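K.L.:
here you go, sequence then predicted model.
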Amino acid sequence: MTALADVARDLTRYYQEAAKKILALVAPLSDEQLWTRPYPYGNSVGHLLLHLTGNLNFYIGAEIGGTGYVRNRPLEFTDPSRLPKDVVVRNFVNAIATVAAVVEKQSEGDWAVPFAAKGMENAGNRFYAFLHCAGHLSHHTGQIMYLCNEMEKQNR
């Protein structure tokens, strides 16, 4: 196995492990709790999941993988439809699967292909884009952990 194959495997594993953490946090939530904002400011867990789904589907799915996904970033934070939890979770899981599929398709030369997309104009190359999205996923995983803990405290 080459060093780049190791990187691709570990990068995929990172995304999948982060998704597993999020899914475990979201599992006990009701549909109502998914859309609850524990504070008047900030986001609900549901909106954060919409945002992560949009982020991954856009930067990795569409921009690198060519999926054709069209993103509406403002709606990720304001969507009033309050989709059922199973739909939101399924879409997030599908986004993680898209990431894994796109990572798997990268050849040795693909990692260094220039990358610049709206909101990530200075990425430089695809490898940086994958790292940036992984960091973004980690950031919002922490926020989801915090929100779930706050809802648990409020429900005691």
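P.N.:
Looks like it arrived, so ask away.
K.L.:
only C-alpha atoms from now on, for both contacts and neighbour counts.
P.N.:
Fine.
K.L.:
next secondary structure after the longest strand anywhere in the chain?
P.N.:
Longest strand in the chain, counting residues (DSSP state E): strand 120-125. Following strand 120-125 in sequence order, the next helix or strand is helix 126-154 (DSSP states H and E).
K.L.:
in this structure, which ranges drop under the pLDDT threshold?
P.N.:
The chain contains residues with pLDDT under 70 at 1.
K.L.:
my read is that Ile96 contacts Ala18, right?
P.N.:
No: taking contacts as CA atoms under 8 Å, Ile96 lies outside contact range of Ala18: 9.5 Å.
K.L.:
on that earlier part again, and the longest strand of the chain, which strands flank it?
P.N.:
Strand 120-125 has its sheet partners listed here by DSSP bridges as strand 114-117 (antiparallel).
K.L.:
list the buried residues of the partner strand.
P.N.:
Within strand 114-117, the residues that qualify as buried are Phe115, Ala116, counting by 16 or more other CA atoms under 10 Å.
K.L.:
could you list the residues in contact with that strand?
P.N.:
Here strand 114-117 makes contact (CA atoms under 8 Å, 6 or more residues apart in numbering) with Tyr59, Glu63, Glu121, Asn122, Ala123, Gly124, Asn125, Arg126, Ala129.
K.L.:
got the contact list for the second one?
P.N.:
Neighbouring residues of Glu63 by CA under 8 Å, 6+ apart: Ala117.
K.L.:
now Val70, nearest residue through space, not along the chain?
P.N.:
Distances taken as CA to CA, 6 or more residues apart in numbering put Phe58 closest to Val70, at 6.9 Å, once the chain neighbours are dropped.
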